[in-house]
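K.L.:
Sequence below, structure please.
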Amino acid sequence: MEQKTSRPAGGGQLVYGKNPVAELLRSGAGADTVWLSEGMAPAAAGYYTALAKQAGAVVKRVHPAKLRSLCGTDNHQGVAAAAASVGYVTLDALLEAARAAGEPPFLVLADGIEDPHNLGAVIRSALLCGAHGVVVPKRGGAAVTPTVLKSSAGAAARLPVARVANIGETVRRLKQENVFVYCADLDGAPLEQSDLTGPIALVLGAEGAGVSPLVRRLCDGSVRLGMVPRGAGVDSYNVSVAAGIILYEIMRQRGARG
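P.N.:
A predicted model of the protein is given here:
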């Protein structure tokens, strides 16, 4: 089927039609939002919802009239998606950026962060704290989309982002490059007692689930943030809040070491 596209008012490329949207979501090219008609059959809606989750896209159920207005045609087959339009770099490019700056590498790895607002906030903190780049997975996490760009206050357009097939393999590669890889984990060492200087990468896990078990085992160490228990049933910081605190401490320690 010929791919059907249009340009929504907010910018970016809009893809519509069952096959084109499925191909976009499976391709790993990145998608921001998937719109499904409220009248779509449950089985089909479940299929596109699963594909969207793997691609890191947000799903919105909308009235058919809204979908027609969005696509500018009735020939949308009940589904449309906003394609990401951000260019990515390679992991090697991030490491080269550190070398060019004459600094030990400082990278942030997103292991399955699904909420584009959280990813945008993480990228914003990474830029302000001096990181050389952010790494995101091709599947199982949010891509850099218009929503991420907006949430990052433009930082996602300034800080290089690499998109990799596998976060675990990326951790292995960084360790071969003598980069010490930490992850944020509830069972980690207290942040204030950790040496975060030198070549470093910080892995941040998915909302709720945290860093995946395999990636956690591959990391050289882990850090945790102290909390004052209040019996409210909340046992962790939001991932973007945790990222801001940890990244600031990394910046502080690297600055103290000169």
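K.L.:
CA-only coordinates of the lengthiest helix in the chain in PDB, if you can.
P.N.:
Across the chain, the helix with the greatest residue count (assigned by DSSP state H) is helix 239-256. Extracted as PDB, the C-alpha positions of helix 239-256 are listed here (Å, rounded to 0.1, in the frame of the first residue of the first chain):
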ATOM      1  CA  VAL A 239      12.400   9.200  36.900                       C
ATOM      2  CA  SER A 240      12.900  12.800  35.600                       C
ATOM      3  CA  VAL A 241      13.200  14.200  39.200                       C
ATOM      4  CA  ALA A 242      15.700  11.400  40.100                       C
ATOM      5  CA  ALA A 243      17.700  12.200  36.900                       C
ATOM      6  CA  GLY A 244      17.900  15.900  37.800                       C
ATOM      7  CA  ILE A 245      19.200  15.200  41.300                       C
ATOM      8  CA  ILE A 246      21.800  12.500  40.200                       C
ATOM      9  CA  LEU A 247      23.000  14.500  37.100                       C
ATOM     10  CA  TYR A 248      23.500  17.600  39.200                       C
ATOM     11  CA  GLU A 249      25.600  15.600  41.700                       C
ATOM     12  CA  ILE A 250      27.700  14.200  38.800                       C
ATOM     13  CA  MET A 251      28.200  17.700  37.500                       C
ATOM     14  CA  ARG A 252      29.200  18.900  41.000                       C
ATOM     15  CA  GLN A 253      31.700  16.200  41.500                       C
ATOM     16  CA  ARG A 254      33.300  16.500  38.100                       C
ATOM     17  CA  GLY A 255      33.600  20.300  38.700                       C
ATOM     18  CA  ALA A 256      35.200  19.700  42.100                       C
END
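K.L.:
Buried residues in that helix, which are they?
P.N.:
Neighbour counts using 16 or more other CB atoms under 10 Å place V239, S240, A242, A243, G244, I246, L247, E249, I250, M251, R254 of helix 239-256 among the buried residues. No exception for glycine: its C-beta is placed from N, CA and C like everyone else's.
K.L.:
Could you let me know which of those residues ends up closest to L109?
P.N.:
A243 (10.9 Å; CB to CB).
K.L.:
For that closest one, which non-adjacent residue is spatially closest?
P.N.:
The shortest distance from A243 to any non-neighbouring residue, by CB to CB, 6 or more residues apart in numbering, is to V122 (4.6 Å).
K.L.:
The one you found: neighbour count?
P.N.:
31 (other CB atoms under 10 Å).
K.L.:
Please name every helix or strand in contact with the helix or strand hosting it.
P.N.:
Assignment of secondary structure by DSSP states H and E places V122 within helix 116-128. In terms of contacts (3 or more CB pairs under 8 Å, 6 or more residues apart in numbering; DSSP states H and E), helix 116-128 is packed against strand 106-111, strand 133-137, helix 146-151, helix 239-256.
K.L.:
where among the ones you listed is the average confidence lowest?
P.N.:
Mean pLDDT is lowest for helix 146-151 among those, at a mean of 79.
K.L.:
helices and strands around the next helix or strand after that one, which ones?
P.N.:
Downstream of helix 146-151, the next assigned helix or strand under DSSP H and E is strand 161-164. If contacts are counted by 3+ CB pairs under 8 Å, 6+ apart, strand 161-164 sits against helix 91-100, strand 133-137.
K.L.:
what residues are up against the nearest residue to S194 once chain neighbours are set aside?
P.N.:
Leaving aside its sequence neighbours, S194 sits nearest to V223 (CB to CB, 6+ apart; 5.0 Å). When contacts are counted by CB atoms under 8 Å, 6 or more residues apart in numbering, V223 touches Y182, C183, A184, D185, G188, A189, P190, L191, S194, L196, I246.
K.L.:
Make sure V223 is indeed in a strand.
P.N.:
Yes - counting by DSSP: H, G, I helix; E, B strand; the rest coil, V223 falls inside a strand.
K.L.:
Next one: the residue nearest to E177 when sequence neighbours are not counted from V223, what distance?
P.N.:
Nearest residue to E177, sequence neighbours excluded (CB to CB, 6+ apart): L95, at 6.3 Å. To V223, L95 is 22 Å away according to CB to CB, to the nearest Å.
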